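Participant: sequence and predicted structure, then a few things I'm wondering about:
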Amino acid sequence: MSVKKIAVLLAAGGLAVGLIGGGVGAVFQDQVTATENIAVGTFGCGITDATGIGTATTSFGGLSDGYYHSVSYTAPTITSSAAGNAPFSFTVMNYGSIPDTLTVSAGGPYGSLSGKFSAMAAAPAGPVNLAGGASQVFNAGIQWTVLDGTDLGDSGSVTWTVNCGEQPATHTVRSAALNYGPTGWAGWSCDHGQVVSASITDNTYPIGPVILWKPGATAGAYTYPTTPFGYTYGAGEEGAIAQNGGTGQTVHIDLVCTGL
């Protein structure tokens, strides 16, 4: 065999090795997946019960979603001209999974009833928070003053409407560092909605009770919206104030507020 032929064979062998090492582009592969599931809860309220005085007729209505949404209660006929009342109670249930807030309003009297008749204020007056599946009894009724001949044969009704709304979300607002002087006052406000609760944090020395500063609140000679430290709350603004003890200190007020 000549030297030339040997060189050719070696070149061919080297080419073959190169093709085997490079392959045809195949690689190992694998994969995984991650899935998050979510669902929206249910929401709604219904009437589950109603009672009153004496022998009366109760009827329910409104079954579009499988729950009663109205109740009609017929109280016994009035047989005296004396002032009186006809108590009436009804039960509202949150049949959804989303917590709701109930508020009650009364309308009437309707029909031919005179101004001597009026609605008894519902108790509790609301707002009432209900968790999913929970119920609340409301006590109400119709009341009247002394009647006379002009009222004979009259009839009518009063209607209580319960609005069921989603409970507002709550969030926490922390005040800036409040530098209290001895027996000094300070406060802070919610940035949205109304204040639910408040507390003093990181205080070293005793401090007075935290007062929710909202309509009707008072502190000594001061009444909301004015404060003992010279600030006047604006329309719809609510928060909390507190008075320090005899030693100056720096603290924070944490507010739990409703709204976004």
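Facilitator: The structure has been received and is ready for your questions.
Participant: which residues does the residue nearest to residue 82 when sequence neighbours are not counted contact?
Facilitator: Nearest residue to residue 82, sequence neighbours excluded (Cβ to Cβ, 6 or more residues apart in numbering): residue 146, at 6.5 Å. In this view, the C-beta of every residue, glycine as well, is placed from N, C-alpha and C. Contact analysis of residue 146 by Cβ atoms under 8 Å, 6 or more residues apart in numbering lists 81-83, 116.
Participant: backbone phi and psi for residue 146, please?
Facilitator: phi -60, psi 130 (degrees, to the nearest 10).
Participant: and it, how far from residue 113?
Facilitator: Applying Cβ to Cβ, to the nearest Å, the value for residue 146 to residue 113 is 14 Å.
Participant: ok, residue 31 - how many residues close by?
Facilitator: The tally of other residues near residue 31 (other Cβ atoms under 10 Å) stands at 4.
Participant: oops, could you answer that again for residue 101 instead?
Facilitator: The burial count assigned to residue 101 is 17, neighbours taken as other Cβ under 10 Å.
Participant: for residue 187, same thing?
Facilitator: Residue 187: 23 neighbours (other Cβ under 10 Å).
Participant: need the contact list for it.
Facilitator: Applying Cβ under 8 Å, 6+ apart to residue 187 gives the contacts 213, 227, 229, 231, 239-242, 253.
Participant: I'd like the residues you listed as CSV, with pLDDT and neighbour count appended.
Facilitator: Converted to CSV, the contacts of residue 187 look like this (pLDDT from 0 to 100; neighbours: other Cβ atoms under 10 Å):
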residue, pLDDT, neighbour count
213, 96, 26
227, 96, 20
229, 95, 12
231, 95, 17
239, 95, 25
240, 96, 27
241, 97, 26
242, 96, 24
253, 96, 24
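Participant: point out where the stretch 1-150 of the chain drops to low pLDDT.
Facilitator: Within the stretch 1-150 of the chain, the stretches with pLDDT under 70 are 1-25, 52-64.
Participant: all helices of it, in order?
Facilitator: 3-22 (DSSP state H, counting those that start in this stretch).
Participant: burial measure for the nearest residue to residue 192 once chain neighbours are set aside, as a count.
Facilitator: The shortest distance from residue 192 to any non-neighbouring residue, by Cβ to Cβ, 6+ apart, is to residue 259 (3.5 Å). Residue 259: 12 surrounding residues under other Cβ under 10 Å.
Participant: which residues does the residue lying closest to residue 244 once chain neighbours are set aside contact?
Facilitator: Excluding the flanking residues, the one nearest residue 244 by Cβ to Cβ, 6+ apart is residue 180, at 3.8 Å. Taking Cβ under 8 Å, 6+ apart, we find residue 180 in contact with 186, 207, 244, 248-251.
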